[in-house]
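Undergrad: following is a predicted model, sequence given first.
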Amino acid sequence: MSALRRYIDKIKPNVEEGGKVPWLKSTFEAFETFLFVPNTVTKKGTHIRDAMDMKRTMFLVVIAMVPALLFGIWNTGYHHFLALGIDASFWQMVWYGFIRIFPIIVVSYVVGLGTEFVFAQIRGHEVAEGFLVSGMLIPLVMPVDVPLWMVAIATVFAVIIGKEVFGGVGMNILNPALTARAFLFFAYPSQMSGDAVWIGGLRKGMETVDGFSGATILGQAAQNNSVFVDGLGKAYDWWDMFLGTIPGSIGETSTLAILIGAVILLYTGVGSWKVMFSVFAGGAAMGLILNLFAVNAFMEIPFYEHLLLGGFAFGAVFMATDPVSAAQTEKGKWIYGFLIGFLAIIIRVLNPAYPEGVMLAILLMNVFAPLIDHYVVEGNIRRRLKRAKVQA
Amino acid sequence: MSEIIKIRKGLDIKLKGKADKIFMKAPRSKTYAVKPIDFHSLTPKIVTKPCVEVKVGSTLFFDKYRPEIKYTSPVSGIVQSIVRGERRRIIEVVIEDDGKDTAKSFLQGDPNEFTREQIVENLLESGLWPVIHQRPYDVVAYPADVPKSIFISGFDTAPLAPDFDFIMKDTEQDFQTGINALAKLTDGEIHLGLDARYPAAKAYTNAKNVVRHFFNGPHPTGNVGIQIHKVSPINKGDKIWTVKPQDVVAIGKLFKTGKYDPNVIVALAGSEIKKPVYYKLIRGAQVSSITDGNIEGDNVRMISGNVLTGRQVTDEGHIGFSDSQVTVIPEGDHYEFIGWVLPGLKKFSVSKTFLSWITPDREYRLDTNLNGGERPFVMTGEYEKVVPMDILPVSLLKSIIVEDIDKMEQLGIYEVIEEDLALCEFICASKTPVQSILRDGLNLLKKELE
């Protein structure tokens, strides 16, 4: 590795002030620190530092998403061949899923990081690591048939409007990946919802077996169906929903794979268990309330199935827990999470035009998170004032 | 025995190189120094110059804005130099030791017989007053104030901290005399914080005229600020004084002998020390007097104090005025190939993001690498885990960054000093310089309000 290090040290002067390409400094630094943990030492304050940094944190979140991604790859292939009526092998399914999903990931990362680099360069600061996570989240919340140019536009929108206009990583109000999803949902509704987008190849008019439907379970629920079926009319049970052999966005279908990711996030201490737990609690609570007062089939969906459907689990584990856009106080996290779960099910069931209530609920609560924090901070201030008065 | 105050939040960083409980007498160092930079908000006015002869207890400089507070020489000899740093700020006054310890005489006798004024006067003249610090701000106390109470933390929980129950052996009488003197300075109580996990030194358990509080918990439990928060939190307008145990003994010795006794015990610790032990030496001794020939490797960082709050010193540098510890750890000025991806079995992290959680009991040899780049606040809920106070550290720091004085006050800036939030800085994934932000806030507040 010392040869690589020597090479980097050799070309480094080019990007320093007075070098040949000083405008590439941020980009160069991003790659350099990607390869090598820098040799910066502590100058003031604590002389030793915890080994964890932003890169490690973000890296672990990406690792936690891998099970959902792998399942999504297989699931894409599975539904594709189901629609074709072909009895494909496991590896054929994986290969199909891979060639469909890999380009989406590449587009998301290349476009997103490119935008980040440009901004870092203009602002003259280091490239922040936040997009390592957003770049993986964006593909996972897309339907597999989304055109690549849309992924590119949504990514640019998310990075610029979702993040950079507020000052970059750590300053954003909305979760960038959800901003991308919401942008496409409202800008190109026909390509982002309906029955045709969830199955790889369907939208392009692929020949399917007779009577095949690519409707998601939530799509069927919005029609007030009480039995949910796969493309060929076979009924799903809650086990299918838990494993994730249902149509949906690439990474959101398998609650099991998402829970593996959740375990990684919680065990390493990167994700907040308070947020995750309270999102599920809020969803279950609203689901129960709807069950009690059910007047139609959608309201009768058992509350635990709600937690397995659509993007609920994915949102709870990977989106709601984004520390920047979530509530930042520990008490606030309980309220924030609970309301996300609660609102997600309300939106999903009572306004079937938006079956993807989780996305809207999280974005809504992102906006309200500072308000929740405000009241928690005020509470702390009041306790201190009260203490002073008692003593005086 | 009073009830034990249990503290759950915090973090013990297990480092290699804890000092063995052996006293060694340090060889006398060539020079000794008193450093104005050891005291916050002090503008020194020098009253001596190079080549002037001084005795133990001779004034070297005083506080320009509070001229009654004097800083005196720990040894007899000749003033060698007045070292200045950036913008001619005085870094240290260096004295060349003549080894004779000729000492100035001060008032001697039982403090119970003296008035408050006499005690204050004696401390000011001898140069021992600056061991008394005031909260808020952690500045040297104002002699005219009468504090609400005085707090002494009898132990230290910082990484590789000396064991004060060991240091305080055989100091019973002097400690009591010191307490008696301090008791005259306040209308309130003298609170003594003790570690509930270990049997306390006799000086502590036999002390009269103090209220003992027992604490059990990880670092920063030993910080006096945490103990104040648990026992009698500081509100706006409150003034509480703090003194360190060895300084109480020094006050006791002053009244017993009528001389300024600058002897202290300092633990030499850290992974790069061959034989970590305790040294008896004189305040302001040269670091090399205890580290010479005792260090592994040559790329090391020497710290007067502990790894969280101490000050970097050089070989020829001098130990800080109130430091009971010198720590030597490796420098971390090296690159590491894709270090953020590797499993990291030898890396310490409070999170479980590195595989080192497999061996929870291991002692670490940590270096000074920043382990990443500075970023805006991203992670949340980290700081709260290591601050055992009803304080929202991130909100407080943000109020300081935007210089919102009202918010700082409301969020409890009076209750904390750097050492209380030092662990936040250690664990921060964004590598935020927490301690210097906090000091900026305290300085701003002090300037605005005074």
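TA: Structure's in. What do you need?

Undergrad: how about residue 375: what's its closest non-neighbour residue?
TA: No chain was given, so I picked chain A. residue A:332 (7.8 Å; C-beta to C-beta, 6 or more residues apart in numbering or on different chains). Using the backbone N, CA and C atoms, a C-beta is placed for each residue, glycine as well.

Undergrad: my question was about chain B, not that one.
TA: That would be residue B:430: by C-beta to C-beta, 6+ apart, it lies 4.1 Å from residue B:375.

Undergrad: and residue B:419, by the same measure?
TA: residue B:309 (4.6 Å).

Undergrad: tell me the pLDDT of that neighbour.
TA: Residue B:309 is assigned a predicted lDDT (pLDDT) of 95.

Undergrad: before we move on, what about the one 5 residues further on?
TA: Turning to residue B:314, the model gives it a pLDDT of 90.

Undergrad: still on that earlier bit, the residue nearest to residue B:419: how many residues sit nearby?
TA: If you count neighbours by other C-beta atoms under 10 Å in any protein chain shown, residue B:309 ends up with 21.

Undergrad: now do residue A:53
TA: 27.

Undergrad: now do the same contact list for it.
TA: A:37, B:340, B:371, B:372, B:373, B:375, B:429, B:431 (C-beta atoms under 8 Å, 6 or more residues apart in numbering or on different chains).

Undergrad: so can I have CSV of these showing neighbour count, distance to residue A:78 and pLDDT?
TA: Below are those laid out as CSV (neighbours: other C-beta atoms under 10 Å in any protein chain shown; distance: C-beta to C-beta, whole Å; pLDDT from 0 to 100):
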residue, neighbour count, distance to residue A:78, pLDDT
A:37, 26, 41, 79
B:340, 25, 35, 78
B:371, 28, 43, 87
B:372, 26, 41, 84
B:373, 20, 42, 83
B:375, 24, 40, 86
B:429, 28, 38, 91
B:431, 21, 44, 92
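
Undergrad: in strands only, show me those.
TA: residue A:37 (DSSP state E).

Undergrad: CSV for the contacts of residue A:53, including distance to residue B:45?
TA: Shown next, in CSV, are the contacts of residue A:53 (distance: C-beta to C-beta, whole Å):
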residue, distance to residue B:45
A:37, 46
B:340, 50
B:371, 42
B:372, 43
B:373, 42
B:375, 42
B:429, 44
B:431, 38
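
Undergrad: quick one: which of the contacts of residue A:53 is nearest residue B:9?
TA: Of all the contacts of residue A:53, residue B:9 sits closest to residue B:429, with 17.9 Å by C-beta to C-beta.

Undergrad: contacts only, for the closest one.
TA: Counting by C-beta under 8 Å, 6+ apart, residue B:429 has contacts A:50, A:52, A:53, A:54, A:56, A:57, B:351, B:372, B:375, B:378, B:379, B:382.

Undergrad: and the two most separated of these?
TA: Greatest spatial distance among these (C-beta to C-beta): B:351 and B:375, at 15.6 Å.

Undergrad: for chain B, give the residue positioned nearest to chain A.
TA: The minimum distance from chain B to chain A, using C-beta to the nearest C-beta, falls at residue B:372 (2.5 Å).

Undergrad: contact partners for that residue?
TA: Per C-beta under 8 Å, 6+ apart, neighbours of residue B:372: A:37, A:38, A:49, A:52, A:53, A:54, A:55, A:56, B:340, B:429, B:431.

Undergrad: ok, 7 Å please
TA: By C-beta atoms under 7 Å, 6 or more residues apart in numbering or on different chains, the residues touching residue B:372 are A:53, A:54, A:55, B:431.

Undergrad: what residues does residue B:282 make contact with?
TA: Per C-beta under 7 Å, 6+ apart, neighbours of residue B:282: B:32, B:74, B:75, B:262, B:263.

Undergrad: narrow these to those in strands?
TA: Going by DSSP E, the strands hold B:32, B:263 from those.

Undergrad: now do the contacts for residue B:196.
TA: Counting by C-beta under 7 Å, 6+ apart, residue B:196 makes contact with B:4, B:214, B:215, B:216.

Undergrad: isn't residue B:162 right next to residue B:325, touching?
TA: Yes - counting by C-beta atoms under 7 Å, residue B:162 does reach residue B:325; the two are 5.5 Å apart.

Undergrad: overlap in contacts, the two.
TA: Going by C-beta under 7 Å, 6+ apart, residues that sit against residue B:162 and also against residue B:325 are residue B:267.

Undergrad: and stretch B:435-450 with chain A, contact?
TA: Yes - using C-beta under 7 Å from any C-beta of the partner chain, stretch B:435-450 comes into contact with chain A via B:435, B:436.

Undergrad: now that stretch: buried residues?
TA: Residues B:435, B:437, B:438, B:439, B:441, B:442, B:445 are the ones in stretch B:435-450 that count as buried (16 or more other C-beta atoms under 10 Å in any protein chain shown).

Undergrad: for the fifth one, give me its contacts.
TA: This means residue B:441. By C-beta under 7 Å, 6+ apart, the neighbours of residue B:441 are B:400, B:408, B:413.

Undergrad: the second one - nearest residue in space that isn't next to it in sequence?
TA: To tie it back to what came earlier, the one meant is residue B:408. Nearest one to residue B:408, counting by C-beta to C-beta, 6+ apart, is residue B:399 at 4.9 Å.

Undergrad: can you verify that neighbour is assigned to a strand?
TA: No - read with DSSP: H, G, I helix; E, B strand; the rest coil, residue B:399 is helix and lies in no strand.

Undergrad: what about it, how many neighbours?
TA: Residues near residue B:399, counting by other C-beta under 10 Å: 21.

Undergrad: distance check, it against residue A:112.
TA: To residue A:112, residue B:399 is 33 Å away according to C-beta to C-beta, to the nearest Å.

Undergrad: same question for residue B:163.
TA: Counting by C-beta to C-beta, the gap from residue B:163 to residue A:112 is 53 Å.

Undergrad: between the two, which is the more surrounded one?
TA: Each of residue B:163 and residue A:112 has its neighbours counted (other C-beta under 10 Å); residue A:112 has more, 27 against 18.

Undergrad: could you tell me the model confidence score at the more buried one?
TA: 94.

Undergrad: tell me which element it is part of?
TA: For residue A:112, the enclosing helix or strand under DSSP states H and E is helix A:90-123.

Undergrad: domains for chain A, by residue range?
TA: Domain assignment for chain A, taken from automatic domain parsing, gives A:8-35, A:54-377.

Undergrad: and for chain B?
TA: Following automatic domain parsing, one gets these domains for chain B: B:4-257, B:371-449.

Undergrad: so for residue A:13, which of these sits nearest?
TA: Among those, if distance is taken as C-beta to C-beta, the winner is domain B:371-449, at 20.3 Å.

Undergrad: end-to-end on the closest one?
TA: 38 Å (C-alpha to C-alpha, to the nearest Å).

Undergrad: quick one, helices of the stretch 101-250 of chain B?
TA: Using DSSP state H, counting those that start in this stretch, the helices of the stretch 101-250 of chain B run over B:116-126, B:164-167, B:172-183, B:202-205, B:224-231, B:245-257.

Undergrad: an error on my part: the question was meant for the stretch 301-450 of chain B.
TA: Counting by DSSP H, counting those that start in this stretch, one finds helices in the stretch 301-450 of chain B at the ranges B:393-401, B:405-410, B:418-427, B:434-449.

Undergrad: just tell me which of the ones you listed ends up closest to residue B:207.
TA: helix B:418-427 (24.1 Å).

Undergrad: distance from that closest one to the middle of the chain?
TA: Averaging C-alpha positions (C-alpha atoms, centre = their mean, to the nearest Å) puts helix B:418-427 14 Å from its chain's average.

Undergrad: what's the angle between it and helix B:434-449?
TA: Orientation check (axes from the mean of the first three to the mean of the last three C-alpha atoms, to 10 degrees): helix B:418-427 against helix B:434-449 gives 140 degrees.

Undergrad: tell me the angle helix B:418-427 makes with helix B:393-401.
TA: 110 degrees.

Undergrad: sorry, back to before: between the contacts of residue B:196, which has the most around it?
TA: That'd be residue B:215 among these, by other C-beta under 10 Å, with 24 neighbours.
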